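[1] Sequence first, then the predicted structure:
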Amino acid sequence: MNKTVANAAEAIKGIQDNMVFAFGGFGLCGIPENSISALVKAGVKGLTCISNNAGVDDFGIGLMLHQKQVKKMISSYVGENAEFERQLLSGELLVDLIPQGTLATRLMAAGYGMPAIYTPAGVGTEVAEGKEVRTFNGKEYLMEYAFDVDFAFVKAWKGDTQGNLIFRKTSRNFNPLVAMAGKVTVAEVEELVPAGSLDPDHIHIPGIYVHRIFQGVSYEKRIEQRTLTSRA
Amino acid sequence: MLDKTGIAKRIAQEVKDGSYVNLGIGIPTLVANYIPTGMNVVLQSENGLLGIGPFPFEGEEDPDLINAGKQTITTIAGSAFFDSALSFGMIRAGKVDLTILGAMEVSENGDIANWKIPGKMVKGMGGAMDLVASAKHIIVAMQHVNKAGESKLLPKCDLPITGLRCVKKIVTELAVLDVLPEGGFKLIERAPGVSVEQIKNATAGKLIIEGDIPEMVL
């Protein structure tokens, strides 16, 4: 089944205002740069965006925040983004801060066809407010629902025309989970290859989860904290 | 009194051979530098890596290879990558032996607050709530008092909680303290040149002092 589309503009067809989007990436590592650029250009508004982080001021989802395209962010850590913090503290932006493992597992649950999960993260905290608590083997857990995602945007290292994906190093992070969660999943890859070129044993996400795939271009792959060991 | 490096060195003494350890951002990250060579310790990075290596040499940094603090890193022999659900799966399942993290406040029953100052700072909890809810052993690395000079070791946390009754040990610039299961900070060691009196004055929560308190050896 050929999932290939020409570019990001074609891949995002069907997006509408007020939809729920999910994005792969941790910090700026492994973010779908091409899709984000296309969404900024498309100018859709009123979005709910699920992403572990919110980019930085001038890159990643930060670009969408600057354009005020985002109504609500669902994230675990937003410390790198001053514009985000400003919009949040001023009440312009709704935000749901949730534990990182809960975020990952709610995406996973969507891809596994499970309506909810139980996790001990957040018991006894603000995160638990209004949530069902159940006790298993003497320990309390919160019930957390699977995410309902209209469009999912991921970035992989390699992909084939069938939509099979392979991720590289720690840029894997949330990408496989986001890929599984989308009603429509858009994958951009650094290298798009013909079906049959990838070893089936090496596939991280099978193409059944991917609806559109395209060869990404002009990756910036920005580094947030360049930490080095001295050669001396 | 210890500097940040001193706190990291003292905590490194708590790391056991053959353990999997998650290090938080800040002082905890420095602990990696003081784990004795020859000791078999695997560091977990919750963004999806077991086996964190040193920072790369200039020119060898890879934007696809970072730690949870978004710093460029390397792998070591035997490293493994995985996705974020598996990462927190292994944390939730208790496979990670030790978590070392920073805190804004710790209460005498082991509650920790480290993710939010209402109205002022909202960065988020990241993986901290998952880690403190599931880790077998949690050590907090922090300053004993805040910038206003107020104790961070309290009867009860004032800031929004990250996790309940989870902190087992605290290392500050002044002291090493155990959090007792029945409640209270038990003074274990003094930092070099620090008196018991100084520690008492800097601790707002219940402080338990039994016998002579030794000075720590670094």
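    Done, it's in. Numbering: from 1, shown residues only, chains lettered A, B, ... in the order given.
[2] who's in contact with B:L30?
    B:4-5, B:8 (C-beta atoms under 8 Å, 6 or more residues apart in numbering or on different chains). (Glycine included, C-beta is placed from N, CA and C.)
[3] In chain B, what helix or strand scores lowest on average pLDDT?
    strand B:121-122 (a mean of 75; mean pLDDT, DSSP states H and E).
[4] now do chain A
    Ranked by mean pLDDT, DSSP H and E, the weakest helix or strand in chain A is helix A:82-89, scoring a mean of 83.
[5] Excluding covalently adjacent residues, which one is nearest to B:S45?
    Leaving out its chain neighbours, the residue that sits closest to B:S45 by C-beta to C-beta, 6 or more residues apart in numbering or on different chains is B:N67, at 4.6 Å.
[6] That neighbour against B:E46, yeah?
    No. Look at B:N67 against B:E46 with C-beta atoms under 8 Å: they stay out of range, at 9.0 Å.
[7] Pick out whichever of those two has more residues nearby.
    A side-by-side neighbour count of B:N67 and B:E46, using other C-beta atoms under 10 Å in any protein chain shown, places B:E46 first with 27 against 24.
[8] Contacts only, for that one.
    Contacts for B:E46 were tallied using C-beta under 8 Å, 6+ apart; they are A:100-101, B:22, B:68, B:84, B:87-88, B:91, B:126-127, B:130-131.
[9] Tell me the pLDDT of it.
    B:E46 carries a pLDDT value of 96.
[10] for the one 5 residues further on, same thing?
    Here, the pLDDT recorded for B:G51 equals 97.
[11] how far away is it from chain A?
    Note on B:G51: its distance to chain A, by C-beta to the nearest C-beta, to the nearest Å, is 12 Å.
[12] contacting residues around that residue?
    B:42-43, B:75-80.
[13] go again using 6 Å as the cut-off
    Contacts for B:G51 (C-beta atoms under 6 Å, 6 or more residues apart in numbering or on different chains) come out as B:42, B:75-76, B:78-79.
[14] TSV for those residues, including secondary structure, neighbour count and pLDDT?
    Shown next, in TSV, are the contacts of B:G51 (DSSP: H, G, I helix; E, B strand; the rest coil; neighbours: other C-beta atoms under 10 Å in any protein chain shown; pLDDT from 0 to 100):
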residue	secondary structure	neighbour count	pLDDT
B:V42	strand	18	97
B:T75	strand	17	97
B:I76	strand	14	95
B:G78	strand	8	96
B:S79	strand	18	98
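[15] Please identify which pair of those residues lies farthest apart.
    Greatest spatial distance among those (C-beta to C-beta): B:V42 and B:T75, at 11.3 Å.
[16] residue contacts, residue 167?
    No chain specified, so I'll use chain A. Shown in contact with A:F167 (C-beta under 6 Å, 6+ apart): A:156-157, A:175, A:204.
[17] that's the other chain; I wanted chain B
    Each residue near B:V167 by C-beta under 6 Å, 6+ apart is listed here: B:106, B:110, B:112, B:138, B:140, B:179.
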